[in-house]
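[1] Okay, structure incoming, though there's no sequence with it:
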């Protein structure tokens, strides 16, 4: 999460993950190389309000900076799409911040067939 710009501790991540893994609508794929985790994708099964059906949201995707540009992220997204199809999902979505450090991520998603189609908004409570 730190490489996505979200500083965290191992304790905090363990607590978050305990909550996530208890929810059947969440799914996580991990990429490992020589027994070391080098990437992960976190997914959420969602229901459309505006039409019938299910879609899957990519909630988190990160590949260790030392292993980027080796196809790991693409493989994670491909596995996510296979999982989504197995649920009967008709679409995938992902939000990525409008910050300079996210430009490469935006290019990555576009190369995989994802299109810009909305503007996201957020508010801290």
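    Okay, I see it. Remember, it's a predicted structure, so these values are computed and weren't measured experimentally.
[2] for the closest residue to residue 94 other than its chain neighbours, what are its contacts?
    What sits nearest to residue 94 in space, not counting adjacent residues and going by Cβ to Cβ, 6 or more residues apart in numbering, is residue 58, at 4.0 Å. Backbone N, C-alpha and C define where each C-beta goes, glycine included. The contact partners of residue 58, taken as Cβ atoms under 8 Å, 6 or more residues apart in numbering, are 41, 42, 43, 77, 80, 92, 93, 94.
[3] Next secondary structure element downstream of the helix or strand containing the first one?
    Same thing as residue 41. Per DSSP states H and E, residue 41 falls inside strand 36-47. Sequence-wise, the next helix or strand downstream of strand 36-47 (DSSP H and E) is strand 54-63.
[4] What's the mean pLDDT across that following strand?
    Confidence for strand 54-63, expressed as mean pLDDT, is 96.
[5] Give me the angle between that strand and strand 36-47.
    160 degrees (axes from the mean of the first three to the mean of the last three Cα atoms, to 10 degrees).
[6] Direction included, what does strand 54-63 pair up with?
    Applying DSSP bridges, strand 54-63 is found paired with strand 36-47 (antiparallel), strand 91-94 (parallel).
[7] So which other helices or strands are in contact with the helix or strand harbouring residue 21?
    For residue 21, the host element (DSSP H and E) is helix 10-22. Using 3 or more Cβ pairs under 8 Å, 6 or more residues apart in numbering; DSSP states H and E, the elements in contact with helix 10-22 are strand 26-33.
[8] Show me what the strand it packs on is packed against.
    Looks like strand 26-33 contacts helix 10-22, strand 36-47, helix 72-86 (3+ Cβ pairs under 8 Å, 6+ apart).
[9] let's see it at 6 Å
    strand 36-47, helix 72-86 (3 or more Cβ pairs under 6 Å, 6 or more residues apart in numbering; DSSP states H and E).
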